[in-house]
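K.L.:
Sequence and predicted structure below; questions after.
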Amino acid sequence: MPITSLADAVIPLHRLEPDLGDDSDLEVLREIVGDARVVFLGESAHWVSEFCRLRDRLTRFLVREMGLSAFVLESGLPEGLAVDRWVRGGPGELGEVARDGITYAMGRCEEMHTQLQWMRDWNTHERPVSFSGMDVPGWCANPGPGVAAFLERIPAKPGDAELLAATKLGDPARGQSPDAHDAPRIAVGLRQALTELVARAETTGDQLARQCARSALTVVECRDGGLYPAPGRNLRNETMADNLRALLAREQRIVVGGHNVHLQRSPSFRCLGCWTCRRRPTTTGWANGAALLSGTTGMRHWWNASKPSMPAPVAPMARCGCMPS
């Protein structure tokens, strides 16, 4: 049936806040998502309070009512291991765990803390939900967290402590973009050492250790050759796609939060949405594909990204408390 007006393509939301009453407006997710193994929740800007609250609300519904078992964020995978331990009942203070375990400052706000607390509380049930990052570590500037996470999982060898020290390149939040013309380059010896670390992980059979080592090497590749080393390539998107494939070997269905620029289906940018639609081998679990729900500034309606429509603009969005100054 052709869409003749905006009303044909959008469904008004009752509210943004989670767990405050009637969720009947979310029942449409059953039709939109279906049996997809991956549900992408996109946002047109990070650090927007409304997007964070709505993502929390959607995630709770998807976990509680539709059985999704993992929440994945556009954040460093190695750092996120500590957050996963916390939501499963591990030790630590929420603010500190979120600040250190979620990169790009997205763990420094009340909205993210509220979602993580709900996940921890939910995990007292029989069907737990996990947390995972999918991005490169250290804000794409510091390989240290990837090496540290690797070394926590693999038996120690001589030289490990020296390698870890060499990869700690300072506070990435205060550093330069890896694409900056005057950004310092990585010594050749460090790149070779991290290449050997990836090979070492592969001999152990520890897939998560391999992901941590590979992500650390990707940071070095970004520092050496930039985020876009060749036409059609994006090192962050490649890393996130590989990490999602690995996660789906462990989890049946996942919800993924990230910026629209990474989740859309633009083949020219090699985004995750494009990757999931075009590369769905049944051996890695992509046969049922993915559902994409994309948010834009001013959104207070559903936008099913498979329909050619845009939501009507409403009140301006509020800055989330974690937005870097």
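P.N.:
Yep, that arrived.

K.L.:
check contacts around S130.
P.N.:
Shown here is S130, whose contacts under the criterion CB atoms under 8 Å, 6 or more residues apart in numbering are S69, A70, F71, D84, V87, R88, E251. To be clear about C-beta, it is placed using only N, CA and C from the backbone, and glycine gets the same treatment.

K.L.:
Q115: which of those is nearest?
P.N.:
Sorting the contacts of S130 by distance to Q115 puts F71 at the head of the list, at 7.9 Å, by CB to CB.

K.L.:
Can you list the strands that the helix or strand hosting that closest one pairs with?
P.N.:
Here F71 sits within strand 70-76, counting by DSSP states H and E. Taking DSSP bridges as the criterion, strand 70-76 forms sheet pairs with strand 130-135 (parallel), strand 254-259 (parallel).

K.L.:
For these, could you give me a markdown table that also reports distance to L235 and mean pLDDT?
P.N.:
Putting the strands paired with strand 70-76 into a markdown table (distance: least, CB to CB, whole Å; pLDDT from 0 to 100) gives the following:
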| stretch | distance to L235 | mean pLDDT |
| --- | --- | --- |
| strand 130-135 | 10 | 97 |
| strand 254-259 | 15 | 94 |
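
K.L.:
any chance of these in a markdown table, with distance to E96 too?
P.N.:
As requested, those are exported to a markdown table (distance: least, CB to CB, whole Å):
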| stretch | distance to E96 |
| --- | --- |
| strand 130-135 | 15 |
| strand 254-259 | 21 |
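
K.L.:
ok so, going back, may I see the contacts of S130 organised as JSON lines, with distance to T239 and neighbour count added?
P.N.:
Below are the contacts of S130 laid out as JSON lines (distance: CB to CB, whole Å; neighbours: other CB atoms under 10 Å):
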{"residue": "S69", "distance to T239": "22", "neighbour count": "16"}
{"residue": "A70", "distance to T239": "17", "neighbour count": "21"}
{"residue": "F71", "distance to T239": "18", "neighbour count": "26"}
{"residue": "D84", "distance to T239": "18", "neighbour count": "18"}
{"residue": "V87", "distance to T239": "23", "neighbour count": "23"}
{"residue": "R88", "distance to T239": "24", "neighbour count": "14"}
{"residue": "E251", "distance to T239": "18", "neighbour count": "19"}
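
K.L.:
coming back round to it: got the CA positions of the strand holding F71 in PDB?
P.N.:
What follows is the C-alpha trace of strand 70-76 in PDB, where atoms were taken according to Å, rounded to 0.1, in the frame of the first residue of the first chain:
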ATOM      1  CA  ALA A  70      22.700  -8.700  24.600                       C
ATOM      2  CA  PHE A  71      23.000  -4.900  24.500                       C
ATOM      3  CA  VAL A  72      25.800  -3.700  22.300                       C
ATOM      4  CA  LEU A  73      27.100  -0.100  22.200                       C
ATOM      5  CA  GLU A  74      29.300   1.900  19.800                       C
ATOM      6  CA  SER A  75      32.100   1.800  22.400                       C
ATOM      7  CA  GLY A  76      35.400   0.100  22.900                       C
END
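
K.L.:
Show me where the stretch 101-250 of the chain has its helices.
P.N.:
Ranges of helices within the stretch 101-250 of the chain are 110-122, 144-153, 160-167, 188-204, 207-225, 235-248, based on DSSP state H, counting those that start in this stretch.

K.L.:
could you measure R236 against C222, distance?
P.N.:
Using CB to CB, to the nearest Å, R236 is found at 8 Å from C222.

K.L.:
Tell me where the model's unsure across the stretch 151-300 of the chain.
P.N.:
Using pLDDT under 70 as the threshold, the predicted model of the stretch 151-300 of the chain has low-confidence ranges 170-188, 265-289, 292, 294-300.
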